[in-house]
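*Asks:* just to be clear, the model below is a prediction. Sequence and coordinates:
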Amino acid sequence: MNTDSNMNDNTNSATQDDESAKALMEDFKSLESELAAQKDLYLRLAADFDNFRKRAAQEADRRAAAQKEAFIRELLPVIDNLERALSSESSTSPEQLREGVQMTLQQLHQLLRRHGIEPEESTGQRFDPRRHEAVATRQDPSHPDQTVVETYQRGYRRGKEVLRPAKVVVNHLTPPP
């Protein structure tokens, strides 16, 4: 009986091992197919994202080109006015020519304002190295120390962002050490 019992135990054990092996193989195959499906999904998402990134870059390029073109179209009338001023007959007086150039400059400033670009008034202001570029100094007791006494080239800003600092002469009253 002991032998039969051992044999039955061995048979049961072998059957259980076979069933466990089959279950493990099924689990393995199931996991393998799930992994393949996830990998396929990942590759598709990666390709979709890459295509989206390329389309977004192209759209940004198109938008920037359209904005540049629109700005240039707005600038063309200013150029036309300058060309008319240069091609005017010699009978045009210097005062008329000056007035035409001033009107054209006003037109250009209006165009810049429509695009959010404002000129900076620097003369009389306290020197600020973020908004001004000191090209020279002067000692003038009639003006406060570290103020802008002359502007060589006007600065421009968009909002709080400085597009171009003003080139200025700064009053420097403190004597060198």
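*Replies:* Now that the structure is in, tell me what you want to look at. Residues are numbered from 1 along each chain as shown.

*Asks:* next, the contact list for residue 130, please.
*Replies:* 162, 165 (C-beta atoms under 8 Å, 6 or more residues apart in numbering). C-beta here means a position set from N, CA and C on the backbone, and glycine is covered the same way.

*Asks:* that one: what secondary structure?
*Replies:* Under DSSP: H, G, I helix; E, B strand; the rest coil, residue 130 falls in the coil class.

*Asks:* so it versus residue 121, what's the distance?
*Replies:* 16 Å (C-beta to C-beta, to the nearest Å).

*Asks:* for residue 153, same thing?
*Replies:* 13 Å.

*Asks:* pretty sure residue 74 sits against residue 113.
*Replies:* No. Applying C-beta atoms under 8 Å as the test, residue 74 and residue 113 come out as separate, 11.6 Å apart.

*Asks:* the more surrounded of those two?
*Replies:* residue 74 (16 against 11; other C-beta atoms under 10 Å).

*Asks:* return the residues in contact with residue 163.
*Replies:* Neighbour list for residue 163: 117, 155, 156, 157 [criterion: C-beta under 8 Å, 6+ apart].

*Asks:* now these as a markdown table including pLDDT?
*Replies:* Below are these laid out as a markdown table (pLDDT from 0 to 100):
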| residue | pLDDT |
| --- | --- |
| 117 | 94 |
| 155 | 95 |
| 156 | 96 |
| 157 | 95 |
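
*Asks:* strands - which of those land there?
*Replies:* 117, 155, 156, 157 (DSSP state E).

*Asks:* the first one: how many residues sit nearby?
*Replies:* As a burial measure, the neighbour count of residue 117 was computed by other C-beta under 10 Å and equals 16.

*Asks:* quickly list what it is bridged to.
*Replies:* Beta-bridge partners recorded for residue 117 (DSSP bridges): residue 158.

*Asks:* quick check: it touching residue 157?
*Replies:* Yes. Judged on C-beta under 8 Å, residue 117 makes contact with residue 157 at a distance of 7.4 Å.

*Asks:* in this structure, spot the helix with the most residues.
*Replies:* helix 2-87 (DSSP state H).

*Asks:* list the contacts of residue 99.
*Replies:* Residue 99 touches nothing, counting by C-beta under 8 Å, 6+ apart.

*Asks:* if I look at it, how far off is residue 65?
*Replies:* 36 Å.

*Asks:* tell me the confidence at residue 100?
*Replies:* According to the prediction, residue 100 has pLDDT 84.
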